[in-house]
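**Student:** Below are the sequence and a predicted model for it; my questions follow.
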Amino acid sequence: MDRQYARMHLREALDTLREDGFALWVGAGVSRWISEAEGQPGVPFWRELAEILEAKVELRGLSMSINQFSLLQRLERVHRALGFAKFQAALRETILGRLANSIQVASWKQGSQGLLPIPVRARQLAKLGYLANPIVNFNVEILTSLALACAGGPTSVKAFKHPKPTELDASRCPRRNYPDGASETFPRHVYHPHGAIEISGICVITETEYRSQEATLAFELATHSAFMSNLAIVGMSLDDTYLRRQLSKFRQQVRRIFWFTNLARSQKKTNGDEIVAWAAWAGVEVVDVGSWPEFWDAVDAHLPAPSALALLDAWKFVCNEAKRYSGREDSEEKAVH
C-alpha cells in the first residue's frame, strides 16, 4: 500500500469517526502506548506475557512452539503450573503493576518540568475515547479505560465476572466538574469482557476460561455493543479466532468497521496474511497507520478534545487510581494534586 495513500486514508477514517461517532474496541497496543511513556517498560503484549509467565515456571522452550500450542493453551499450561492465586498475582504484577508505576512516573516527570500535569499520551487517549460510546476494552485492567473515558463525562466500567446475580456491580467514575444537570444515570459505558484484575480478579485469558465464557453474555458483548454503529478497532491484532467469528456472524448489523493497524507488522506475524485477507472478506476496512506514533499524532490533530478542566480532572483521577496499585512508597508525593 502506498504510504501517502495510507496516511490520507487514516485521516479519512478519523474524519468519518468524528462526524458519525463510533463504538471503540481497544487492545494491548493502547495500554502499551500509555505505559511505555517516559522510557518506562511497557505493558507486555499477549505473547510477551506468555513468555514472561512461562519463565516463572520454567516452561522453557514452550514459547518457541507457536505451531504446537496456541496462545490460550500456553497461558492455560502456566495457569495449571502456578495455580489460580499465583497466576492472578503474576498478572497483577506484570500488567497492572507496570501500568500503574508508569502512570505515576509520567505524572511526576511532567510536574517536575513545571508543565501542566497531563502527558501527551494521556491526552491522546482521552481524545480517542471522547466521542466513543460504548468502549470495549480487551485488556484486563481498568486504568486504560479510565484514561480513555473519564474526561468525556460520567463513566461506568463493567467487567466480566462469573455470574452471581447478587454480586453484579459496576465501578463508576465519580461526577466532577460536569455542567449542572449532568446525570450519573446516563454514563459512558466501558466493558471488559475478559474481566479486570482490579474488579473481578478473574481474567479470561486461558483456553478453559474462553470455553466457559462462550455461554455467557460477555462473550458476544463486544460485537453487540457496535450494533448499528461504526466501529473503530485500535491496538488489536485480530488474531483472536473467537472474536473474528463473532464479527463475521454479526457483520451485517454493524456499519463501517475500521481496523487501525501497522499493516507491514501485521503481515509479518503468524497468520498475518490470513487475517488481512479475512478482514477484506468480512468488509473490515484495514487502515494502515504507517507507525503507531503517526496514528496517535493523527488522533491528536483530527479528533476533538475534552475541555482542559475535564482533562485535568480525569488525569488526576487516573493518577489517584494508579497510586492504589503502583506499590510505590513515594507515590503520595508524585501523584497529581
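**Tutor:** Cool, the structure landed.

**Student:** And residue 180, what's its pLDDT?
**Tutor:** At residue 180, the model reports a pLDDT of 45.

**Student:** Let me see the ranges of the helices in the stretch 1-150 of the chain.
**Tutor:** Taking DSSP state H, counting those that start in this stretch to define them, one finds helices in the stretch 1-150 of the chain at 3-20, 28-35, 46-56, 71-82, 84-91, 98-112, 120-130, 143-149.

**Student:** The fourth one to helix 46-56, inter-axis angle?
**Tutor:** Taking axes from the mean of the first three to the mean of the last three C-alpha atoms, to 10 degrees, one finds that helix 71-82 is oriented at 20 degrees with respect to helix 46-56.

**Student:** For helix 71-82, list the C-alpha coordinates in CSV.
**Tutor:** Extracted C-alpha coordinates of helix 71-82, given in CSV (Å, rounded to 0.1, in the frame of the first residue of the first chain):
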residue,chain,number,x,y,z
LEU,A,71,-1.5,-18.6,23.0
LEU,A,72,-4.5,-19.7,25.0
GLN,A,73,-3.0,-23.1,25.5
ARG,A,74,0.3,-21.6,26.6
LEU,A,75,-1.4,-19.5,29.2
GLU,A,76,-3.5,-22.5,30.3
ARG,A,77,-0.4,-24.5,31.0
VAL,A,78,1.1,-21.7,33.0
HIS,A,79,-2.2,-21.3,34.9
ARG,A,80,-2.1,-25.0,35.8
ALA,A,81,1.5,-24.9,36.9
LEU,A,82,1.1,-21.8,39.1
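
**Student:** mean confidence for that helix?
**Tutor:** For helix 71-82, the mean pLDDT works out to 82.

**Student:** Counting by contacts, list what it packs against.
**Tutor:** For helix 71-82, the packing partners by 3 or more C-beta pairs under 8 Å, 6 or more residues apart in numbering; DSSP states H and E come out as helix 46-56, helix 84-91, helix 207-213. C-beta coordinates here come from the backbone N, C-alpha and C atoms, glycine included.

**Student:** For residue 253, find the nearest of those.
**Tutor:** helix 207-213 (21.4 Å; C-beta to C-beta).

**Student:** Mind checking the pLDDT average for the closest one?
**Tutor:** Averaged across helix 207-213, pLDDT comes to 66.

**Student:** Stretch 230-242 now?
**Tutor:** On average, the pLDDT along stretch 230-242 is 88.

**Student:** Please save the CA atoms from it in CSV.
**Tutor:** Extracted C-alpha coordinates of stretch 230-242, given in CSV (Å, rounded to 0.1, in the frame of the first residue of the first chain):
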residue,chain,number,x,y,z
ASN,A,230,-19.4,2.5,13.2
LEU,A,231,-16.7,0.5,14.9
ALA,A,232,-13.0,1.5,15.4
ILE,A,233,-10.5,-1.2,16.4
VAL,A,234,-7.3,0.1,17.9
GLY,A,235,-4.3,-1.7,19.4
MET,A,236,-5.6,-5.2,18.5
SER,A,237,-4.1,-7.8,16.2
LEU,A,238,-7.5,-9.6,15.4
ASP,A,239,-5.7,-12.9,15.7
ASP,A,240,-8.4,-14.0,18.2
THR,A,241,-10.5,-16.5,16.2
TYR,A,242,-13.3,-16.3,18.7
